[in-house]
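In: one predicted model, sequence on top.
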Amino acid sequence: MPAVPPQPQPQPHPSGPVPPVQHNNPTPRTSPAPPTPPEPHRRTAFAEGVDRLRTAATTEPGRLRIIGAVLALLVVAFGTVTAWQMADRSTAADDVLNNSQPLSSAAADIYRSLADANTAASSGFLAGGQETAASRDRYEKDIDAAAEGLVQAAANSDPDSPAAETVARLNKLLPEYKGLVERARTYNRQGFPVGGAYLRYANEKMQKEMLPAAEDLYKKENQRLRADYGDATPYPWAAIGLGVLALAALAWAQHRNYRRTNRVLNHGLVAATATATVVLLWLVVGHSVARAALDDSYDHGVRSLNVLHDARIASLKARGSENLTLVARGAETVEVNGTTYDAYDHDFGEEMDTLGKGLAEAEKLADDKTGEQPVTAAVGNMAEWKKRHAAARDQDENGNYQAALDRVIGPKGATGECFDSVDANLATAITHENAEFEQAAGNGLDAMTGLTVGAAVLAVLGAAGAVLGIGRRLSEYR
C-alpha cells in the first residue's frame, strides 16, 4: 500500500496574526439619489379655455356651439342694458312729475307766501285801528302756508344738503319776523311812531334775509328739476348699439345657415331676431315719444311756470314797497346818479319793470288762449296800477297823506284792486300751465311704462330662441 505524502501546513505570519481592517466611517457607503425632475409649468385656465375653443372651432359642431353662445350672450346683454337704462330714465321721469317739479313749485309758493305776508302786514299797518279781519286773516294764512311749505321741503331734503340748511335758516327767521310784526302792530294801535320803525325792521329782515333764502331754495329745487330732466331725456345709445349689433349677428348667423344648408328659415333664429327687433323698435319709438313729451312739459310747462312765478313774486314785492312808501314817509332814501329818491318808491319802480318783462315773456310762452288770456288781463291790470300809483304819489308829495292812503288801500279805485287782479290772473295762469305740465310729463312717463320688464322678458325669450335654433342644427350631427 503506497504511503500518503504529508500535507503542507500553513505557516504563521512572520509578524504574527493579521489584524482586522479598521474603517474611519463605520456606516456603509451609499450612492447619491438622482435629481428630481422639475414639475411641468401649469397653464392658466384662460389659456386652456382658448385652446379648447380653438380646437372646437376646427369642427362644425364646435363652431355652432360658439355661435349659439355668442348670439345668446348678445341678446341677453341687449335686454339687460335696455332694462337698466330705461329703468333709470323711467325713475327720473317719475321724479320730474311727482317729486322735483312739485317741490320746485312748493319752493316758489314759500317765496310767494312770505312776500304776500309782508305785503299784508304793511297793508294792515297802514289801516291802523281800522285793519280788517280779511287783511289779518290773509297775513295769518300766508304765514301758515310758508310754515307748511318749509315742513314739506325739510321732509324731502337730504339732511346734510344745502337745501336742508336753507330750510333750517328760514325756520329760525320766521318766528323772529312774526315777533317784529306783532310789536309793530301793538305800538301802532297805541299811536306810538316806533311801530313804523319795527315794521321797517321786519321788512328789512324779510327783504334781506328771508326772501333771498327762499329764492335760494327755489333755485336749488329748480336745479334738481333740471338734473332730473337731464337724466330722463338722453337717448340710451348703449342699448341701441347693442341692439343693432345683436340683430347684425343674428342676420349673419342665418345667412351662414342658409349658405351651408340651403334652408331659408331657422325657426329659433327667426324667433330671436323677431324679439330683438321688437325690443329695439320699442326702445327707440317709446323713448322718442317719452323724450318729446318731456321736452314739451319743460318748454310749455316748467319754463312758463318759472316766468309766472317770478312775475307774481315781483308784483308782491312791488305792492310791499308801495305800502312801505307810505309807512316810512320819506324816512328811507336812496341816491341814484346824483338824484335822491324815496327808497321804497324807487324799489317799486324797479319791481314793476321786472313784472312787465315777466308778463311779456309769459305772453310769448303761452301756447293757447286759455293760458294767454289771464296774462293779457294781468298786463292791463299792471298798466292801471301804475296810473293809480302815480296819482297816489302826487297826493302824498303835495301833503295829502290821507288822500294818498285812500288811493293805495281804499275800498274803491285804489291800487290794491289792481294788485289783487294781477295776483289772481297770475294764479289762474299758473294753474293752467301746471295742468299742461302734468299732462305732458305724464305722457312721457306713460311712454316708458312696461319697457323695462318687457325688454328683459323678450331678451330671455330671444336668447332661448337662438340657443334652440343652433341646437336644431347640432342635432343633425348626432
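Out: Looks like it arrived, so ask away. Residues are numbered from 1 along each chain as shown.
In: quick check: E215 vs A318, distance?
Out: 16 Å (CB to CB, to the nearest Å). Heads up, the C-betas are built off the backbone N, CA and C, glycines and all.
In: next: A115.
Out: Taken as CB to CB, the span from A115 to A318 is 10 Å.
In: R473 too?
Out: Taking CB to CB, one finds R473 at 80 Å from A318.
In: helices of the stretch 201-350 of the chain, start to end?
Out: Secondary structure of the stretch 201-350 of the chain (DSSP state H, counting those that start in this stretch): helices at 211-232, 237-261, 267-297, 303-328, 343-365.
In: deepest-packed of these, please.
Out: When the helices of the stretch 201-350 of the chain are scored by mean count of other CB atoms under 10 Å, the highest mean neighbour count falls to helix 303-328 (a mean of 25).
In: and the angle for that one with helix 343-365?
Out: Between helix 303-328 and helix 343-365, the angle comes out at 160 degrees (axes from the mean of the first three to the mean of the last three CA atoms, to 10 degrees).
In: quick one, helix 303-328 and helix 211-232 angle?
Out: Using the same axes, to 10 degrees: helix 303-328 against helix 211-232 is 180 degrees.
In: now find how far off-centre helix 303-328 is within its chain.
Out: Relative to the centre of its chain, helix 303-328 is centred 29 Å away, using CA atoms, centre = their mean, to the nearest Å.
In: mind giving me the packing neighbours of it?
Out: helix 101-127, helix 194-205, helix 211-232, helix 343-365, helix 369-397, helix 401-409, helix 415-447 (3 or more CB pairs under 8 Å, 6 or more residues apart in numbering; DSSP states H and E).
In: so for that helix, what's the average pLDDT?
Out: In this model, helix 303-328 has an average pLDDT of 88.
In: and that helix with helix 267-297, angle?
Out: Going by the same axes, to 10 degrees, helix 303-328 makes 20 degrees with helix 267-297.
In: the longest helix along the chain packs against which elements?
Out: The helix that spans the most residues within the chain, counting by DSSP state H, is helix 60-95. Counting contacts by 3+ CB pairs under 8 Å, 6+ apart, helix 60-95 packs against helix 45-56, helix 211-232, helix 237-261, helix 267-297, helix 415-447, helix 451-474.
In: got the buried residues for it?
Out: Neighbour-count burial for helix 60-95, counted by 16 or more other CB atoms under 10 Å, picks out 62, 64-65, 67-68, 71-72, 74-87, 89-95.
In: in the stretch 351-478 of the chain, what spans have low per-residue confidence?
Out: 477-478 (pLDDT under 70).
In: ugh, wrong one, the stretch 101-250 of the chain
Out: Using pLDDT under 70, the stretch 101-250 of the chain drops low at 128-131.
In: again, 80 this time
Out: Along the stretch 101-250 of the chain, segments meeting pLDDT under 80 span 126-135, 156-161, 191, 193.
In: tell me the contacts of the nearest residue to R473 once chain neighbours are set aside?
Out: Taking CB to CB, 6 or more residues apart in numbering, and ignoring the residues beside it in sequence, R473 has L64 as its nearest neighbour in space, at 5.5 Å. Listed by CB atoms under 8 Å, 6 or more residues apart in numbering, the contact set of L64 reads 470, 473-474.
In: before we move on, what about G243?
Out: G243 neighbours (CB under 8 Å, 6+ apart): 78, 82, 276, 279-280, 283.
In: repeat the analysis, applying 6 Å as the threshold.
Out: Shown in contact with G243 (CB atoms under 6 Å, 6 or more residues apart in numbering): 78, 280.
In: just T415 next, same as before
Out: Listed by CB under 6 Å, 6+ apart, the contact partners of T415 are 385, 388-389, 408.
In: now swap in S90 and tell me
Out: Contact analysis of S90 by CB under 6 Å, 6+ apart lists M448.
In: ok, 8 Å please
Out: For S90, the contact set (CB under 8 Å, 6+ apart) comprises 445, 448-449, 451-452.
In: could I get the contacts of L64 as CSV with distance to N266 and neighbour count?
Out: Putting these into CSV (distance: CB to CB, whole Å; neighbours: other CB atoms under 10 Å) gives the following:
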residue, distance to N266, neighbour count
I470, 8, 25
R473, 7, 21
L474, 12, 15
